[in-house]
Structure formats: structure tokens, C-alpha cells
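[1] Below are the sequence and a predicted model for it; my questions follow.
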Amino acid sequence: MASIAEYYAGKSVLITGATGFMGKVLVEKLLRSCPEVKALYILVRPKAGQSMQQRVSDMMKCKLFDRVREDNPDFHQKIIPISSELMQPGLAISPEDVEKLTACINIVFHCAATIRFDEPLKHALQLNVIATQQLLSLAQQMHHLEAFIHISTAYANCNRKHIDEVIYPPPVEPKKLIESLEWMDDGIVRDITPRLIGDRPNTYTYTKALAEYVVQQEQDKLNIGIVRPSIVGASWQEPFPGWIDNFNGPSGVFIAAGKGILRTMRANNDAVADLIPVDVVINLTLAAGWYTAVHRPKTALVYNCTTGGINPFHWGEIEYHVMSTFKRNPLEQAFRRPNANITSNYLINQYWILVSHKFPALIYDLFLRLSGQKPQMMRIFNRLHKAIGLLEYFSNQDWEWNSENMSMLMIWKSHQYIHCDINCHQPPSRKRCSHLFCTYYFPLKVANYICNKKPFV
């Protein structure tokens, strides 16, 4: 049987979300570990005044591709951008490009999604559900398609405490919801959103659950796999430890703590912080694509790509290790000496927000005004509080994920080029903290450059 790297040789791959965090790592991994891959077609839209070609060119200049660039300076020739817009009918792909894709694509990796927790429901539905429907319709026209891999989230069913590797019934029939919201203006949709999403915390998890159901409906027509990563962080090993291109989620929170901006955060010290390195997710995704194409399961297989059940790390441990690291390796131009604490008590957290966040911010902004500078700290703290507030649901409780399918992929020892093991092969004393440091030490060292270029968000 062909290894995973051998399987991708000569294949044409379509990737959505290729300019995003996970998408870039997927592109790099395919080019580096599967050098005989024929072509990578990536859906790209113009953004922020940049053309499609400019965005792709900027992506390929990224440090992430340094290893690929050393091995093959002409690697860019395998990357073929396709103009697309997920918010438009038919994904705004031209008839010529549709013909090209349907004639040659072998594997589809659907990574594109809005990951904003506070995305308006209509917008989240369009990007996470309707765009997925349209991509599935395109996939059904592909003459040589062997696998369709959908990237979901481990929190799509966060309203359950135990989550198996199955697709659960949706909270509502997606088609009926889409039809119902079409005639409503944005104000009405905003008002009814809390009732619609029910016991889920945000529109992101809600629409990702709907998208899974949409994908499942096509399992009789396509070979489908669904990968559910938990909280995706910086790389563990590949292409080098600690690579990350954004400071969303916990990464930004840790840097705010290192800068002395964040002093308090509401979280359960004993709750598992299910952080997963991006390279582990991508390696599992490639393995899922190989398994889906070669073994052709009768039903869509779901892979819960999580660490909590195998190598658990708790929020209290994170507080200790992050603060210890910053005190030994302080960041330059910090706002204050790092000293962040975690509490699960709402009132205590609000007290420390007032005393350690808002009051110092007001004093500092007053100083800036008196010195003729533009005040900024209160604005930074307001944005920080908003970001942390969106994370509180996930940092104050535990989930138990079944990961049998993920473990099944990890036992294919012959596929050494696609390493999926999330259990560090180190002594127990080092294993528990290796994930955290491998994932976050590097971005903390470069935080000075990034945070000095723009305020924390």
C-alpha cells in the first residue's frame, strides 16, 4: 500500500482558505513532504486593496515557506490561484475555472470559514454553511475526485459534555433556516440570534454544526472526511517550532499577559486547555485525505483532533508556566511587570479588571494626553476584554472527546513523513509542559516586533 506521501504524488489538490493560518501550513506541508504533488489549486479573493496575485505572492514570501524554498526555489509554479468569493453565488468562480477544476481535481480540502465568534448570523451562515453547500455541488462535478475533507471544529457540539466522532442532528434544518432569514433585515436577525443558537455560545459553533450536517448529506455521493481540531495554536515541530501568523485566541492573551497588560482572566484552573499545534492538525488532515481516498469508508468519518484526553494541560498550569517564562525572559517595552492571575469567580475578576486594568489605563491615557500624545490604553483594554469575554465559555468548562478515529490514523507507522502523534516522546517530567512551550515560546519572543507595530487585538 502506498504511503501517504506517495499517495499525493501526481495528484491535483483544491484548497479553500489557503491564505489563512491553517491553509498556509497545509500548502507548505504538501509542497515539502509530498514534493511529487502535481498542483495545488487555491481559491483566493482580492482583499484590502490587494489583487489575488498580490496576496498569493505575499503568502509565498512568508518565512513559513523557507524550507520549501531551499529545496525547490520554483515551488510557486505548483500553486495555481483561482479567483473566488465565498459570499457570492457559485463562489464567483468563472466558467473557465470551473471547467478546469472539474477536469483535474483529485482531493478537496475545505479550510475556509469565518472563525469570528461574534460574526453576525447571516454572514456566518453564508461563509460556513452556504459556501460549503456550493463547494460540495462543485465537488460532485469533479470527474476524478477521490476525497473531500472538511475542516470543522471540536466545539461544533460544545453544548454536549461528551462528544463522539459522529455527526449529531443539527439544531435546525439548514435549508429552512437559510430560507427563513433571507427576507429578514439584519436588525431582526440580530435580535433573534440568541434564541436561534440556543445553548451554543456563538454563531461560529452554531454554523459549524450546521455545516457538518450539510457535508454529511453528500456522503452517498462523495468520499468525505471531517476533521475537528480544538484550539489551534503555533506549530510544534513543522516546518519549525513555534510558527504562527496571528495572535487570535490564547496566543494573543498570552502575549498581553507578557506585556503586563493582562492582569486577570476568568477561567477554571482545573479545566483542560485543549490546545493543539497547527502542524499536528494539518498532518492529521493529510492522513485523513489519504485514508478517505484509499479506503473509501461507507459513511463520513469524523476525527476529533484534540489533546485533552491524551496529554491534558490545565489552565492553572498554563498560568504558572506562562508567567514563569515571561519572568525569566521578559518582553521589551512591557506596559508593566507580568503578573496575570486566573480566577473562576466572576465578582473577583470584575474587581481586578477595575483595579488592575481600567484604573491604570485611565492614568496612563491621562499622562499621554498631558504629553500631547493620543490616548490608547483604554481602547486596548476594551478590545482585550472583548476578546477574553469571547473565550470565557471555553476556559471555564471541560469536554470529553472520543478520539478513536484519530488514534486509528496514528497507528499507521509506515507513513513516517506525516507525523500525527500528539504525545511527546519525552520523560513524563518534561512531557506535560513540552506542548505549551513548543507551541508558544517562539511567538512570545517575536511579540515585541509585532506588538510594537500595532496595538494588541
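    Everything's here; your move. Residues are numbered from 1 along each chain as shown.

[2] Look at residue 109 and tell me its secondary structure.
    The three-state label given to residue 109 by DSSP: H, G, I helix; E, B strand; the rest coil is strand.

[3] If it is in a bridge, with which residues?
    Here residue 109 shows beta-bridge partners residue 15, residue 149, assigned using DSSP bridges.

[4] Double-check it against residue 20; I have them as touching.
    No: judged on C-beta atoms under 8 Å, residue 109 makes no contact with residue 20 at a distance of 11.7 Å. Using the backbone N, CA and C atoms, a C-beta is placed for each residue, glycine as well.

[5] Out of these two, name the residue with the larger neighbour count.
    Set side by side, residue 109 and residue 20 show unequal neighbour counts under other C-beta atoms under 10 Å, the larger going to residue 109 at 30 against 18.

[6] Tell me which helix or strand in this structure has the weakest average pLDDT.
    For the chain, using mean pLDDT, DSSP states H and E, the weakest element among its helices and strands is helix 447-453, scoring a mean of 38.

[7] Show me the chain divided up by domain.
    The record, using automatic domain parsing to delimit domains, assigns the chain the ranges 4-230+274-310+403-423, 247-273+313-397+425-457.

[8] so which of those is the most packed in?
    Neighbour counts averaged per stretch over the domains of the chain are highest for domain 4-230+274-310+403-423, at a mean of 19; criterion: mean count of other C-beta atoms under 10 Å.

[9] Quick one: mean pLDDT for that one?
    Per-residue confidence for domain 4-230+274-310+403-423 averages out to 91 on the pLDDT scale.

[10] Please state the offset of it from the chain centre?
    How far domain 4-230+274-310+403-423 lies from its chain's middle: 10 Å, per C-alpha atoms, centre = their mean, to the nearest Å.

[11] what about the helices in the stretch 101-250 of the chain?
    Secondary structure of the stretch 101-250 of the chain (DSSP state H, counting those that start in this stretch): helices at 121-125, 131-140, 174-182, 186-197, 203-216, 249-258.

[12] list the contacts for the closest residue to residue 395 other than its chain neighbours?
    Once flanking residues are discounted, residue 395 sits nearest to residue 267: 3.7 Å by C-beta to C-beta, 6 or more residues apart in numbering. With contact set as C-beta atoms under 8 Å, 6 or more residues apart in numbering, residue 267 has these partners: 315, 342-344, 392, 395-396.

[13] do that again at 6 Å, thanks
    Residue 267 makes contact with 315, 342, 395-396 under the criterion C-beta atoms under 6 Å, 6 or more residues apart in numbering.

[14] possible to save those as a markdown table with secondary structure and distance to residue 168?
    Formatted as a markdown table, these follow (DSSP: H, G, I helix; E, B strand; the rest coil; distance: C-beta to C-beta, whole Å):
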| residue | secondary structure | distance to residue 168 |
| --- | --- | --- |
| 315 | helix | 27 |
| 342 | strand | 31 |
| 395 | helix | 23 |
| 396 | coil | 23 |
